[in-house]
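Participant: Next come a sequence and a model predicted from it.
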Amino acid sequence: MSERTSFLVDDADVPALRQAVSGISRTGYSEAAVEERLGLPDITALHWRKLPIYRDERMAGRDTLDLAIDLFLLQGTLTKDEVDRLLPVSSRDVLHRTSLLETDETGLTRARASLFPVGARLIFSDHAWPELPHPGCAPVPYDQVMAVGADSRHLAHATVRGPVGSALDLCTGSGVQALLAAPHAQRVLAVDINPRAVRCTRFNAQALGAANLEAVEGDLFEPVRGERFDLITANPPFVPSPVNALGFRDGGASGEDIQKRIFASLPDRLAPGGIAQVVTELGEREGEPVTGRLREWLAGAPIDIYVLRVASYTAAQYALGHAKGDDYGSFLDSVRAWAGNLRAQGYRRVVSVLVSCQWSSPACGPPWERIDESRPPRRSAGAEIEATFLAERLARNPRLRQHLEGSWLRRADPIARFDASVLGGAIPPKGKATRLGQALSIEHELELLERQILDRMEGRMGAPELLRLCSKLDAQEAPVLDAIRSLLRKRLVSIEIPSVGTVPVNPR
């Protein structure tokens with residue numbers, strides 16, 4: 001049985017390693033190219049059960065892109081001729097010396113780690129499917145480095161990007177979030193308790209030339225006592241598991257062992273004006289909003305919380321999705337164990353969420369919590385999340401009426417409206433709206449006055465003009481202001497201030 005790659009490289013081999021990664025990239029190997037070649041709506045739809053279909057129907061041409069996908073993503077094998085076409089001798093040699101490639105006695109070559117495309121970047125990590133039945137497979141070890149999967153990609157798309165002095169990535173794994181932060185941060189620190197993950201992150205930093213990234217071994221914030229960071233990201237172990245089998249996955253019986261420690265330390269580690277963003281799963285109990293738990297973990301710190309729900313699973317679905325077993329009996333026993341654990345925690349469902357936290361503004365009242373639902377973002381949504389914080393604070397600002405004086409309101413376009421009414425009944429009409437062209441597909445409920453305001457806004461409109469229009473609807477100023485606040489929160493309306501332009505205004 002083959003050993004796993006060590007994720008170690010001699011300093012003398014670093015230039016050749018970078019050239020090898022650059023050469024693989026020149027085949028066109030990227031996230032978008034993989035999606036197009038394999039016919040995927042999104043790279044997160046990649047599944048090992050479809051490997052024969054990918055190879056037989058989508059990769060029959062066996063050009064260099066096919067070969068790169070097969071070797072570095074689909075965990076396939078290449079013949080000597082195929083390896084010669086894909087990689088020059090210098091690249092083959094360095095990848096063998098760093099134990100990333102191995103060639104058996106028959107001349108077939110396989111990768112001992114995967115090279116995951118994340119946008120145009122390439123990130124090394126352990127295989128996504130280490131248990132596939134081929135030579136070298138083994139039960140997944142506890143110190144497995146997490147593959148770049150859906151959670152990693154969702155956090156990468158949701159992260160607010162902008163120049164920052166310092167960034168911290170907790171539970172870094174392969175270092176994917178730290179590597180993505182490196183181009184816009186002066187300094188990046190990546191922390192993981194798994195020494196193998198730390199080696200993997202350092203290896204990726206060397207391969208990509210991220211000189212401002214430091215990877216250290218430690219337990220969450222333990223290596224950074226006394227420091228504060230402008231950007232904190234984390235993809236912690238969060239699975240509510242009846243077993244403790246995988247270090248990167250299992251978060252104790254409740255799933256909260258690690259994540260609640262992260263949130264509890266944020267008040268001491270988040271710099272003023274900074275943002276912390278965590279991708280995780282949370283068990284939901286009937287009648288208990290998850291934001292209450294987050295607020296409890298933050299111990300009353302004045303921090304605003306924005307939760308984006310991107311998926312939801314019933315307890316039964318979750319148990320079936322995680323159960324393991326080589327036969328009916330052992331599989332059903334595993335289902336029973338997983339379902340019993342969720343039942344013991346009181347979880348009716350488990351939700352996948354992206355949680356963003358920022359220090360609140362005293363000018364906007366007490367700290368707030370907000371929950372939206374969206375499909376997972378497939379492209380950068382950081383600017384939209386940042387705009388949501390600004391819009392929420394503006395809408396909550398007691399001085400909103402003064403902000404409106406001398407300003408213009410503009411409807412966000414394009415907006416899709418959905419109206420429904422029940423014929424023959426007394427149920428009032430319902431309305432929903434969503435902004436088109438956004439990375440986040442959030443549907444907002446609309447009250448009657450909100451719908452009427454949107455209907456009457458063409459181009460930009462001054463606040464006094466809007467109030468005059470609404471007076472024809474027998475609407476008083478206070479309800480109109482409430483409707484404007486609501487539309488601002490939903491980012492269906494923006495404020496345009498002469499000499500400044502269109503803003504979500506930062507009221508701090």
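Facilitator: Now that the structure is in, tell me what you want to look at. Since the model is a prediction, treat every value here as computed from it, not as a measurement. Numbers count the residues shown, from 1 in each chain.
Participant: Domain map for the protein?
Facilitator: The chain breaks down into these domains under automatic domain parsing: 11-125, 150-311+350-376, 394-503.
Participant: For G321, which of those is the nearest?
Facilitator: Minimum separation from G321 across the domains of the chain (C-beta to C-beta) falls at domain 150-311+350-376, 9.6 Å. Backbone N, C-alpha and C define where each C-beta goes, glycine included.
Participant: Tell me how far the residue lying closest to L270 once chain neighbours are set aside lies from N235.
Facilitator: Using C-beta to C-beta, 6 or more residues apart in numbering and skipping residues adjacent in sequence, the residue nearest L270 is A276, 5.4 Å away. As judged by C-beta to C-beta, to the nearest Å, A276 and N235 stand 13 Å apart.
Participant: and the domains of the chain, which is most packed in?
Facilitator: Mean neighbour counts were compared across those using mean count of other C-beta atoms under 10 Å; the top stretch is domain 150-311+350-376, at a mean of 20.
Participant: Quick check: mean pLDDT of that domain?
Facilitator: Taken as a whole, domain 150-311+350-376 carries a mean pLDDT of 95.
Participant: Can you measure across that domain, start residue to end residue?
Facilitator: End-to-end distance of domain 150-311+350-376: 9 Å, with C-alpha to C-alpha, to the nearest Å as the criterion.
Participant: and what of stretch 279-297?
Facilitator: End-to-end distance (C-alpha to C-alpha), stretch 279-297: 16 Å.
Participant: contact partners of that stretch?
Facilitator: With C-beta atoms under 8 Å, 6 or more residues apart in numbering as the test, stretch 279-297 has contacts from 151-152, 154-155, 158, 234-236, 238-240, 254-256, 259-260, 263-264, 305, 307, 342, 345-355, 367, 369, 371.
Participant: you'd agree P139 is up against E131?
Facilitator: Yes. Because the distance of 6.8 Å satisfies C-beta atoms under 8 Å, P139 is recorded as touching E131.
Participant: Please enumerate the strands of the stretch 201-350 of the chain.
Facilitator: For the stretch 201-350 of the chain, applying DSSP state E, counting those that start in this stretch gives strands covering 213-217, 229-234, 270-284, 303-314, 349-359.
Participant: closest to F116 out of these?
Facilitator: strand 270-284 (16.1 Å).
Participant: Strand partners (parallel or antiparallel) of the closest one?
Facilitator: Using DSSP bridges, strand 270-284 pairs in its sheet with strand 229-234 (parallel), strand 349-359 (antiparallel).
Participant: May I see the buried residues of the longest helix seen in the chain?
Facilitator: For the chain, the longest helix by residue count, based on DSSP state H, is helix 328-345. By 16 or more other C-beta atoms under 10 Å, the buried positions in helix 328-345 come out as S334, V335, A337, W338, A339, N341, L342, Q345.
Participant: Pull up the gap between the third one and A323, please.
Facilitator: Relative to A323, A337 is positioned 8 Å away (C-beta to C-beta).
Participant: Report the contact partners of the closest residue to L101 other than its chain neighbours.
Facilitator: Distances taken as C-beta to C-beta, 6+ apart place L95 nearest to L101, at 4.3 Å, with adjacent residues excluded. By C-beta under 8 Å, 6+ apart, the contact list for L95 reads L17, A20, L87, L101.
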